[in-house]
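# give me a model of this one.
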Amino acid sequence: MQKRALIVGVSGVIGNALAERLLAAGWTVHGLSRGRTPVAEGCHALVADLTSQAEVQGALSGLQVDAVFLAAWMRQSSERENIRVNGALVSHVLDALGPSLRDRHVALVTGLKHYLGPFEAYAAGEVPDTPFRETQGRRAVENFYYEQEDRLFDAAARYGFHWSVHRPHTIIGDAIGNAMNMGVTLAVYASLCKRSGAPFIFPGSATQWHGLTDMTDAGLLARHLEWAATHEAARNQDFNVVNGDVFRWKWMWAEIAAYFGIAPVPFDGVVRPLEPRMTGPAALWRDQWRDLATHYGLREADLDRLASWWHTDADLGRPMEVLTDMSKSRKAGFLAYQDSRDAFLALFDRLRARRVIP
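Below is the predicted model:
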């Protein structure tokens, strides 16, 4: 029988890759979002404000699926508000489907802030030793990821479904209007540097420049989510999800610069975050991007819809090493691998083909 999926957050960087993966594998895919961004071709689009229990109930009424993938969050002004809003959206979806989920699978995507802490207390205090392992558990801080997990576990006990939790590192993927999208942000930054002649300066910390790190390709995460939904070894388990390679940003920065035909600026020990540089003289960069979009016929002329400067600054500005252990997934049977450099370059090729960047 053809499998049926519901992807919550289908238009985001994770949901988009997952929809493409499942559709190619023959699934029937329903995608729930706010309806502001197109969904993958072949996906049945459902529209609702995820903060509204009534709207979610109406959108999902009568829906029968084999797997639910929760890949949505809404950034709020404080972690307390993040907990309230993002915990509720999990409950809204699972309560709307209710008993129809018995013996089905629900996957929740969170991330490495499970170990690092939320943005308000990001990497503050004692951070677990690297590589991060699932056995390290939770930190003693407020964190909306923990609230989402607890809502998931509670619903699983009430409705009788099995679950999985997936914790990717920074995701390399394609989605316009996404708040956490380093790949597209760096592509836009490099394109602006090439156009203006501005130096391609690394915005992060000495630790990130010199130390080892890893990342998660959206396509690999999609494979991991499908695997978890179809293999008993993944039931009721939490998993880290990364590509499987490691790199140093001082190497990757040169590789990205070479793709765009610009010179990388070696890190000189001074942290120069993107947000104040790219939004300070706001009109300058926004006007330059608008000119680029007009000249090359790009799909999106609004710089703010493409770049998430603050999130890229947070990831590249970390003062500590961030590495993730994948042993639990490997032992359970998930053996997929993705080269991170190849993932970046494939994304840039895709963005050019879709006329997102020149």
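# for Ser61, give me its contacts.
Residues near Ser61 by Cβ atoms under 8 Å, 6 or more residues apart in numbering: Ala96. In short, each C-beta sits where N, CA and C put it, glycine included.
# distance check, it against Ala157.
Distance, Ser61 to Ala157, by Cβ to Cβ, to the nearest Å: 24 Å.
# host element of Ala107?
Assigned by DSSP states H and E, Ala107 belongs to strand 105-109.
# hmm, who's touching that strand?
With contacts defined as Cβ under 8 Å, 6+ apart, strand 105-109 is touched by 14, 66-71, 90, 94, 148-149, 152, 155-156, 161-166, 168, 221, 225, 228-230, 235.
# how about the strands in the stretch 101-250 of the chain?
105-109, 162-168, 171-172, 200-201, 212-213, 216-217, 237-241, 247-248 (DSSP state E, counting those that start in this stretch).
# which one, of these, ends up nearest to Asp313?
strand 200-201 (12.3 Å; Cβ to Cβ).
# CA atoms only: put the strand holding Ala107 into CSV for me.
The C-alpha trace of strand 105-109 is given here as CSV (Å, rounded to 0.1, in the frame of the first residue of the first chain):
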residue,chain,number,x,y,z
HIS,A,105,4.8,7.0,13.7
VAL,A,106,5.4,10.6,14.7
ALA,A,107,8.8,12.2,14.2
LEU,A,108,9.9,15.5,15.8
VAL,A,109,12.8,17.5,14.5
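# between strand 237-241 and it, find me the angle.
Here strand 105-109 runs at an angle of 40 degrees relative to strand 237-241 (axes from the mean of the first three to the mean of the last three Cα atoms, to 10 degrees).
# strand 105-109: how far from the chain's middle?
15 Å (Cα atoms, centre = their mean, to the nearest Å).
# centre-most residue in this structure?
Ile171 (4.7 Å; Cα atoms, centre = their mean).
# what sits against that one?
Counting by Cβ under 8 Å, 6+ apart, Ile171 touches 13-14, 180-183, 215-218, 221.
# how near is it to Arg139?
Counting by Cβ to Cβ - Ile171 and Arg139 are separated by 22 Å.
# equivalent analysis for Asn16, please.
From Asn16 to Arg139 the distance is 30 Å (Cβ to Cβ).
# try Asp214
From Asp214 across to Arg139, the span is 20 Å (Cβ to Cβ).
# low-confidence stretches in the protein?
122-125, 179, 281-283 (pLDDT under 70).
# could you rerun that using 80?
Low-confidence segments of the chain (pLDDT under 80): 1, 119-127, 175-180, 280-283.
# next one: the longest helix anywhere in the chain to chain centre, how far?
Counting by DSSP state H, the longest helix found in the chain is helix 79-97. In terms of Cα atoms, centre = their mean, the centre of helix 79-97 is found 18 Å from the chain centre.
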